[in-house]
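**Student:** After the sequence you'll find the predicted model.
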Amino acid sequence: ASCGMTSLLCKFFWKSYVTDMQFMVEKEASSSILSKVCDATFWLAADGDTILSSDQRLQALLGSHVQESCLSQHMPEVEQQRLHFLTGSPHSSPSSVQLLHTTLLSQNGREMQVDLFIVNRTSSFIDQDQAEKFLPREQQRGFLIGLR
């Protein structure tokens with residue numbers, strides 16, 4: 001009986017390992033495509049403004065210390081309102097990609113015309129990770145952003 005249980009456990013762990021490896025390969029492929037299409041990618045919090053994580057390319061465009069800053073700090077005021085309309089809208093469906101043609105300001109104040117591809121993932125993280133529910137909105141993952 002113990003041999004059968006060991007075999008069952010081995011099959012379970014092997015299947016889990018294979019699934020994890022497939023996920024890693026798919027994630028790497030997705031990242032590769034995104035890096036070719038977008039100049040930078042980053043995560044906004046569920047509040048639709050706080051930059052939770054970013055790649056070095058975003059830091060190169062906007063300046064250092066972008067993580068945990070507000071994206072709206074890097075935008076003219078009229079553009080901030082447009083961003084908040086898209087990320088604060090209850091009508092944006094999860095996983096649909098919205099495009100925002102906007103202006104960002106570099107650390108030295110230079111204006112850059114960019115496209116932001118905004119993917120609403122707010123409900124996905126709360127559904128999958130119950131701990132996310134108890135974090136403040138500015139710490140919950142919410143929106144994947146691709147910048148071009």
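**Tutor:** Thanks, I have the structure now.
**Student:** By mean pLDDT, point me to the weakest helix or strand of this structure.
**Tutor:** In the chain, the helix or strand scored least confidently by mean pLDDT, DSSP states H and E is helix 122-128, which has a mean of 61.
**Student:** show me the contacts for residue 18.
**Tutor:** Residue 18 is in contact with no residue at all, counting by Cβ atoms under 8 Å, 6 or more residues apart in numbering. All C-beta atoms are positioned from the backbone trio N, CA, C, and that covers glycine.
**Student:** hang on, I meant residue 112
**Tutor:** 61, 103-106.
**Student:** Save the residues you listed as TSV, and put in distance to residue 54 and secondary structure too.
**Tutor:** Listed next are the contacts of residue 112 as TSV, based on distance: Cβ to Cβ, whole Å; DSSP: H, G, I helix; E, B strand; the rest coil:
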residue	distance to residue 54	secondary structure
61	10	helix
103	18	strand
104	13	strand
105	16	strand
106	14	coil
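**Student:** and which of these is nearest residue 114?
**Tutor:** The shortest approach to residue 114 among the contacts of residue 112 belongs to residue 104, at 5.4 Å (Cβ to Cβ).
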